[in-house]
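# any chance you can model this:
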Amino acid sequence: MIKVIAVDDEPVAHDIIRSHAEKIPFISLDATFLSATDALFYIKNERVDLVFLDIAMPDLSGIEFAAMINPGIQVIFTTAYPEYALKGFELAATDYLLKPINFTRFLKACQLAETRLQLPEVKKRDEEQALFVKDGHDWVQIKFSNLVYAKAEDNYVDLHEIDKHTLTRITLTELQTRLPADQFLRVHKSFVISRHKIERIEKHQVIVAGNKIPLSKLYRNQLLQNLEGEL
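Numbers count the residues shown, from 1 in each chain. Just a heads-up that it's a prediction; the model follows:
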């Protein structure tokens, strides 16, 4: 049984989700919340497998909420605003339902969540570890497992993956907030690297998947402390 909660500041949305959920035997709607903050406290103490989540809420947006919870919890966004879809999928949302939500579409989203919850943990984790960035007029998915390093270029960042690179308009500091801190480290004012692809640490540079990346004095001690348990 999939344990579900709904978070939406409109009571009528709860009624619709509850009505749909009652028709699906493999999910259990255990709680509904008008406040995203209240839902966060609930998740800390109770098992939750899936969240039906509105985006435009007054205390905490659905985007902010999704970024705070355990990535193993499936998220299905429910909103009247289609322009949020890309951001939702960037956060590895299971699905994106536009209001008013019909039952057929709701059922399909629940079936997708059930499938994802049954995936082996390694595969699920790999699917979730990615972000979308803009490359010209297009949006490109960058998988964290494929990213070697990122280099600042004025108001742009050049993302170097194993087999390609992408130039996107973003600051390196902003990019770092979107990367998992346990996987990527700052080693220079202009460089962030993948810790899992470090081959060698020298006095003034780091070898990352064959690439020579400058290592500044400011970040050297921090890098060594972070890697202390692995070196």
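# just list whatever residues bridge to residue 212.
Beta-bridge pairing for residue 212 (DSSP bridges): residue 207.
# typo on my end, residue 5
residue 31, residue 51.
# what number of residues lie near it?
Neighbours of residue 5 under the rule other CB atoms under 10 Å: 22. (Glycine included, C-beta is placed from N, CA and C.)
# again with residue 136
10.
# after the lowest-mean-pLDDT helix or strand in the chain, heading C-terminal, what element do we hit next?
Across the helices and strands of the chain, mean confidence by mean pLDDT, DSSP states H and E is lowest for helix 121-128: a mean of 48. Next along the chain after helix 121-128, taking DSSP states H and E as the criterion, comes strand 130-135.
# can you tell me the strand partners of that following strand and which way each runs?
strand 138-143 (antiparallel).
# and residue 185, what are its phi and psi?
When read as degrees, to the nearest 10, the backbone of residue 185 gives phi -130, psi 140.
# that one reaches residue 192, doesn't it?
Yes - counting by CB atoms under 8 Å, residue 185 touches residue 192, with 6.8 Å between them.
# list residues touching both of the two?
The contact sets of residue 185 and residue 192 do not overlap (CB atoms under 8 Å, 6 or more residues apart in numbering).
# ok, the residue of the chain most remote from its centre to residue 190 distance?
Most distant residue from the mean C-alpha position of the chain: residue 203, 34.2 Å away (CA atoms, centre = their mean). To residue 190, residue 203 is 18 Å away according to CB to CB, to the nearest Å.
# again, but for residue 222
Residue 222 is 16 Å from residue 190, by CB to CB.
# so which of those two has more stuff around it?
residue 190 (16 against 12).
# for residue 39, which non-adjacent residue is closest in space?
Among residues not flanking residue 39 along the chain, residue 33 sits closest, at 4.1 Å (CB to CB, 6 or more residues apart in numbering).
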